[in-house]
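Participant: sharing a model that was predicted from the sequence below.
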Amino acid sequence: MDDISAVLGSIFSAGTFNEMLRRATPVALAAIGGSMTEHAGIMNIGMDGMILMGAFFGVLGSYLFASAWAGLAMALAMGVIVGLFFALFVVKFRSDEFIIGCALNTFALGLTTYLSRSIFGASGAKGYPSLPNVDIPLLDKLPFLGQVLNGHSLFVYLTWLLVLLLWVFVYKTPYGFWLRASGEKPDTLRTAGIAPEKMKWLASIICGVLCGVAGAHLSLGYLNGTFAENMSNSRGYIAFACVIFGAANPSKAYVAALMFGFFDAIGLRLQDYVSSDLTGIIPYAITIIMMVYVVTSAQKRKKGADR
């Protein structure tokens, strides 16, 4: 009984929820970016490669210029480049978005692995300048909540702001209406004198930038100036699942990312009691369950509409 109480106390501690926010942030940033391409009618499966590129070039900039802010700037620039690259093939050349996404993931893994070994050696980059954690005055005075919300990387708080701004952009502005129309009714949008291709380009760039920021959070925020091969660790695929689960709504996608972060944090806590090989699959198992739920719910709605 005491062991069960200890496990439950560890799971539902302030430390677990603090870790939840840290681990959910890169997934959330990519997911709200993926929501933009999803609204534009583009299935972006290449977010894992975009995150990985942002993570590597973030550390590279920190190494070259001895500044984490320079690293963040390089991650943002790489996000723009990768977003443009993705849009070039998917929007301009009308290539299959699934194949391009998979190719992007493979290319990013190969390129970052080669560059990392060439520049930093087989052990990867460690201990380069990173962005400081933010301590919010008076928040640390609050019991429990202060321990959960305070002392995070800048990216955690930035994500909250971006979720709000993108929700307003998508649902409350003409540009957001055009973005959604570019995916749902592109011919109608073109009749109104607005090229849907431009909105698709914009969505791809926004997604690339946010995935770049997600990668920068991993290397410059969460892991304090560190890069390891394949450190995105399929977070881009998890982000895509969050997009689908949240119906491309930035706020709902963020909630889905928090669910992933929570179960990921639980897995970390349970390593004191269960093999890490077992706890490591918890967040991915939850993701599969989420996807099954979304698919079955969609099928039920379709059957109900057909009756």
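Facilitator: In hand now; what should we look at?

Participant: need the strands for the stretch 101-250 of the chain, in chain order.
Facilitator: Applying DSSP state E, counting those that start in this stretch to the stretch 101-250 of the chain gives strands spanning 133-134, 152-153.

Participant: direction included, what does the first one pair up with?
Facilitator: Meaning strand 133-134. Strand pairing for strand 133-134, determined by DSSP bridges: strand 152-153 (antiparallel).

Participant: so where's the protein uncertain?
Facilitator: By pLDDT under 70, the weakly predicted segments of the chain are 1-10, 271-279, 294-295, 298, 301-307.

Participant: closest one to residue 281 among the strands of the stretch 101-250 of the chain?
Facilitator: Evaluated with C-beta to C-beta, the strands of the stretch 101-250 of the chain place strand 152-153 nearest to residue 281, the distance being 26.1 Å. Every residue, glycine included, has its C-beta placed from N, CA and C.

Participant: just the helices in the chain please.
Facilitator: For the chain, applying DSSP state H gives helices covering 2-11, 14-39, 47-65, 68-87, 97-120, 145-149, 154-172, 174-184, 186-191, 196-216, 235-245, 250-269, 276-279, 282-306.

Participant: can you lay out those helices as CSV showing mean neighbour count and distance to residue 138?
Facilitator: Formatted as CSV, the helices of the chain follow (neighbours: other C-beta atoms under 10 Å; distance: least, C-beta to C-beta, whole Å):
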stretch, mean neighbour count, distance to residue 138
helix 2-11, 11, 27
helix 14-39, 26, 17
helix 47-65, 29, 31
helix 68-87, 22, 26
helix 97-120, 17, 40
helix 145-149, 16, 9
helix 154-172, 17, 15
helix 174-184, 18, 35
helix 186-191, 14, 48
helix 196-216, 27, 27
helix 235-245, 26, 32
helix 250-269, 22, 24
helix 276-279, 12, 35
helix 282-306, 13, 33
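
Participant: and of the ones you listed, who's closest to residue 225?
Facilitator: helix 47-65 (5.7 Å).

Participant: so which elements touch that closest one?
Facilitator: Packed against helix 47-65 by the contact rule (3 or more C-beta pairs under 8 Å, 6 or more residues apart in numbering; DSSP states H and E) you find helix 14-39, helix 68-87, helix 97-120, helix 196-216, helix 235-245.

Participant: that older thread, save the strands of the stretch 101-250 of the chain as CSV, and put in distance to residue 44 and mean neighbour count too.
Facilitator: What follows is the strands of the stretch 101-250 of the chain, written out as CSV (distance: least, C-beta to C-beta, whole Å; neighbours: other C-beta atoms under 10 Å):
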stretch, distance to residue 44, mean neighbour count
strand 133-134, 30, 14
strand 152-153, 25, 22
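
Participant: rebuild those as TSV, extending it with distance to residue 232.
Facilitator: Compiled in TSV, those are given as follows (distance: least, C-beta to C-beta, whole Å):
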stretch	distance to residue 232
strand 133-134	22
strand 152-153	17
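
Participant: nearest to residue 213, out of those strands?
Facilitator: Among those, the nearest to residue 213 by C-beta to C-beta is strand 152-153 (11.1 Å).

Participant: quick one: residue 76 from residue 30, how far?
Facilitator: 14 Å (C-beta to C-beta, to the nearest Å).

Participant: quick check, residue 232 in contact with residue 56.
Facilitator: No. Here residue 232 lies out of contact with residue 56, judged by C-beta atoms under 8 Å, at a distance of 9.7 Å.

Participant: overlap in contacts, those two.
Facilitator: Shared contacts of residue 232 and residue 56, defined by C-beta atoms under 8 Å, 6 or more residues apart in numbering, comprise residue 215.

Participant: can you redo the helices of the chain as a markdown table with distance to residue 226?
Facilitator: Converted to a markdown table, these look like this (distance: least, C-beta to C-beta, whole Å):
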| stretch | distance to residue 226 |
| --- | --- |
| helix 2-11 | 26 |
| helix 14-39 | 14 |
| helix 47-65 | 7 |
| helix 68-87 | 12 |
| helix 97-120 | 10 |
| helix 145-149 | 24 |
| helix 154-172 | 15 |
| helix 174-184 | 36 |
| helix 186-191 | 43 |
| helix 196-216 | 12 |
| helix 235-245 | 16 |
| helix 250-269 | 17 |
| helix 276-279 | 19 |
| helix 282-306 | 21 |
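
Participant: my guess is residue 45 contacts residue 99, does it?
Facilitator: No. Applying C-beta under 8 Å as the test, residue 45 and residue 99 come out as separate, 9.1 Å apart.
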